[in-house]
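>>> quick check, what structure comes out for this input:
(one chain, ligands or ions: 2)
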Amino acid sequence: MSTLMQGLPPFEHAPYFNFRDPAVAGEQKAAYETARARYAGQTFPLLIGGEKVAGGGTFTVTNPATGEALWRFQQATPAQLGEAVTAANRAFETWRFSDPLQRASIFLRAAELLRARRLELNAVMSLENGKNWAEADGEIAECVDHFEVFARETLKWAEGKAVYPMPDEHVTTVYEPLGAVAVISPWNYPSAIPLGMALGALAAGNTVIWKPASETPLSSWLLIGLLHQAGLPEGCIQFLTGTDDVLGDPLVDHRDVRMVAFTGSREIGCRIYERAAKVQPGQRFLKRVIAEMGGKDPTVVCADADLDAAAAGIVASTFGYSGQKCSACSRVIAEEGVYDALLEKVKALTEGLVVGLPEHNADVGPVIHAGSAGRIREYIENGKGTARLVCGGGEVRVDGSGEAAVNYVQPTIFADVEAKDPLFQEEIFGPVLAFARARDWRHAIDLANDSDYGLTAAFYSRDPFKLAEARRLMHVGNLYLNRKCTGALSGTHAFGGYGMSGTNAKVGGPDYLFWFLQTKTVAQKY
Ligand SMILES: NC(=O)c1ccc[n+]([C@@H]2O[C@H](COP(=O)([O-])OP(=O)(O)OC[C@H]3O[C@@H](n4cnc5c(N)ncnc54)[C@H](O)[C@@H]3O)[C@@H](O)[C@H]2O)c1
Ligand SMILES: N[C@@H](CCC=O)C(=O)O
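Ligands and ions are numbered 1, 2, ... in the order given. Predicted coordinates:
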């Protein structure tokens, strides 16, 4: 353990709330009312150089579960983008030399502040993106863990690393920050994902231009508030909301943005990777890029597996948050001998899921918007022509869904899906599962690896040899043996994929900070 870390208590993951306890459930329900009373109808500003400012217009954030108008955020102008980048670079000149102990203390204090407001932040996220209580709670608990983990990582990396010695030179290897980091995030993990990237940047001594997804800005804004309350100096984070034509390409292309930390779709991730490679006139560095992208995550079930455990893991990881996780299981590949029995079990559990309002803590809520629902329905309709529909695939009515009724998609399973089928190859990002038959477990591994992506996978078997082969052969960044493929914990399950799932930066892992640092060797002659 690093000497700086010795004063810290041992790390523990934040425990989840037990919503089966009526008292806790009552508190979570009340937190929705608190969130509405505090924030509904309000308009929130941009944050540039420590100043709260208005943009060139505003937009409304709506609840995907009901269509309810929630709150308003600013549309930053092109000039404000430039001001934010300048402000981030200005703040960098101070923050880069800040004491790592100061940074770590701020993160630990923020963890403490967040612990006291978890239910409120759960409610805000649920209202913005339609997560049910447990899904929102899992993510806010991850934010607490991120604060704790990044505090420790700050101190660890501040120590530098030992080198092989020279008899007549004093040589050190130290890590220094890069500059202004653009943090660009998706709506499906609107708290933990931007926070992980922003803490990576700040822990290393960089400053941040934080660009949340337009569907979910309040989930970000509240975390930034906590960081400031915890002592983060003004100016270290600029907060920009608005449209992609102003904050997309122009932010990535900006000459003075040193690094882009992106999580989102493959399409945009690849675009950023390519654009950031171009050196702009006057640019004096090569941009660093993290691009963490989509998945088409398989669960392999061997003939000797515990089928009940596998079925439970499959249903939780496929239909949790309506399948809108990069880590979601979307393909099951089962050995011939257990295929039908497994399919029956998964079907029975799926048909027991309640589709309803996230605020009422239904198992399956809405998808993010009508456009996404339409795209998912198109996959379902096409699938009816290429595979065997086992359950779902129809319409579902949710009381109280109002104008957002169209956003609810029935959990759907297709069987006998061929490897070339789009159901098997493309990220649908909705509650749709493809079952495929494998001749044997080695064939199952081949099918699992037959993908552009390589983010997460689950593998179920009781045979130690097969488990060892899976470890060796499965082409993914996060492999889970005899458990579901969602639910990575910060500090423990470093998260990030292979192949077209991205740059494999591994947020929450022991090497993540290295992405936000450059290495300086200093050799001094005695
Ligand atoms: N690998 C991971 O860790 C991970 C985690 C969560 C989500 N995801 C993926 O994210 C996707 C869903 O999220 P989404 O729909 O918000 O993704 P998206 O790519 O559409 O948007 C992500 C962010 O990029 C911004 N953006 C849009 N155009 C841009 C441009 N030209 N330049 C820069 N930024 C631009 C958006 O405004 C948003 O903030 C899925 O593919 C999912 O698998 C991956
Ligand atoms: N880190 C999350 C997934 C985030 C992507 O959407 C998990 O491990 O399930």
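
>>> so whichever residue of the stretch 1-150 of the chain sits closest to ligand 2: helix, strand or coil?
Closest to ligand 2 within the stretch 1-150 of the chain is residue 142: 7.4 Å, counting by Cβ to the nearest ligand atom. Every residue, glycine included, has its C-beta placed from N, CA and C. Secondary structure of residue 142, reduced to three states by DSSP: H, G, I helix; E, B strand; the rest coil: helix.

>>> which residues are in contact with residue 39?
If a contact means Cβ atoms under 8 Å, 6 or more residues apart in numbering, then residue 39 has 70, 71, 124, 218 as its contacts.

>>> just the residues you listed: which are in strands?
70, 71 (DSSP state E).

>>> how about TSV for the contacts of residue 39, with neighbour count and pLDDT added?
Converted to TSV, the contacts of residue 39 look like this (neighbours: other Cβ atoms under 10 Å; pLDDT from 0 to 100):
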residue	neighbour count	pLDDT
70	19	98
71	23	99
124	29	99
218	24	99
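
>>> what are the contacting residues of whatever helix or strand residue 291 lives in?
Using DSSP states H and E, residue 291 maps to strand 288-292. Contacts to strand 288-292, defined as Cβ under 8 Å, 6+ apart, come from residues 178, 197, 258-264, 269-270, 272-273, 276, 326, 496-497, 501-503, 505, 507, 515-516.

>>> now the element after it, going C-ward?
strand 297-301.

>>> by contact count, what packs against the very next helix or strand once past that following strand?
From strand 297-301 onward toward the C-terminus, using DSSP H and E, the following helix or strand is helix 307-319. Using 3 or more Cβ pairs under 8 Å, 6 or more residues apart in numbering; DSSP states H and E, the elements in contact with helix 307-319 are strand 297-301, strand 329-335, helix 336-351, strand 432-438, strand 456-460.

>>> and those as JSON lines, adding mean pLDDT?
What follows is those, written out as JSON lines (pLDDT from 0 to 100):
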{"stretch": "strand 297-301", "mean pLDDT": "99"}
{"stretch": "strand 329-335", "mean pLDDT": "98"}
{"stretch": "helix 336-351", "mean pLDDT": "98"}
{"stretch": "strand 432-438", "mean pLDDT": "98"}
{"stretch": "strand 456-460", "mean pLDDT": "99"}
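
>>> which one of these lies closest to residue 43?
Residue 43 lies closest, by Cβ to Cβ, to one member of these: strand 432-438, at 37.0 Å.

>>> might one say that the residue of the stretch 1-150 of the chain closest to ligand 2 is in contact with residue 490?
Yes. Assessed by Cβ atoms under 8 Å, residue 142 is found in contact with residue 490 at 5.5 Å.

>>> ok, those two, which is more surrounded?
Set side by side, residue 142 and residue 490 show more neighbours around residue 490, with 28 against 25, by other Cβ atoms under 10 Å.

>>> and that one, what does it touch?
Neighbour list for residue 490: 13, 142, 145, 146, 149, 192, 196, 507, 508 [criterion: Cβ under 8 Å, 6+ apart].

>>> swap the cut-off to 6 Å and go again
Listed by Cβ atoms under 6 Å, 6 or more residues apart in numbering, the contact partners of residue 490 are 142, 145, 146, 149, 508.

>>> before we move on, what about residue 63?
Contacts of residue 63 by Cβ under 6 Å, 6+ apart are 70, 127.

>>> so for it, what's the pLDDT?
Per-residue pLDDT puts residue 63 at 98.

>>> tell me how far it lies from ligand 1.
Going from residue 63 to ligand 1 by Cβ to the nearest ligand atom, to the nearest Å gives 17 Å.

>>> give me the phi and psi angles of that residue.
phi -80, psi 120 (degrees, to the nearest 10).

>>> wouldn't the residue of the stretch 1-150 of the chain closest to ligand 2 be in contact with residue 192 here?
Yes. Contact between residue 142 and residue 192 holds when scored by Cβ atoms under 6 Å: they sit 4.2 Å apart.

>>> which bits of this protein sit near ligand 2?
Neighbours of ligand 2 within the chain, by Cβ under 6 Å from any ligand atom: 188, 189, 325, 326, 327, 486, 487, 488, 495.

>>> run a quick neighbour tally on the closest residue in space to residue 278 that isn't next to it in sequence.
Spatial nearest neighbour of residue 278, chain neighbours left out: residue 253 (7.4 Å); criterion: Cβ to Cβ, 6 or more residues apart in numbering. By the criterion of other Cβ under 10 Å, residue 253 has 16 neighbours.

>>> residues in contact with residue 70?
61, 63, 127.

>>> what about the spatially closest residue to it that is not a sequence neighbour, distance to residue 216?
Excluding its sequence neighbours, the residue lying closest to residue 70 (Cβ to Cβ, 6+ apart) is residue 61, at 4.8 Å. Using Cβ to Cβ, to the nearest Å, residue 61 is found at 7 Å from residue 216.

>>> tell me the phi and psi of residue 388?
As for residue 388, its main-chain torsions (degrees, to the nearest 10) stand at phi -100, psi 120.

>>> OK, contacts around it?
415, 416.

>>> how about 10 Å then?
343, 413, 414, 415, 416, 417, 435 (Cβ atoms under 10 Å, 6 or more residues apart in numbering).
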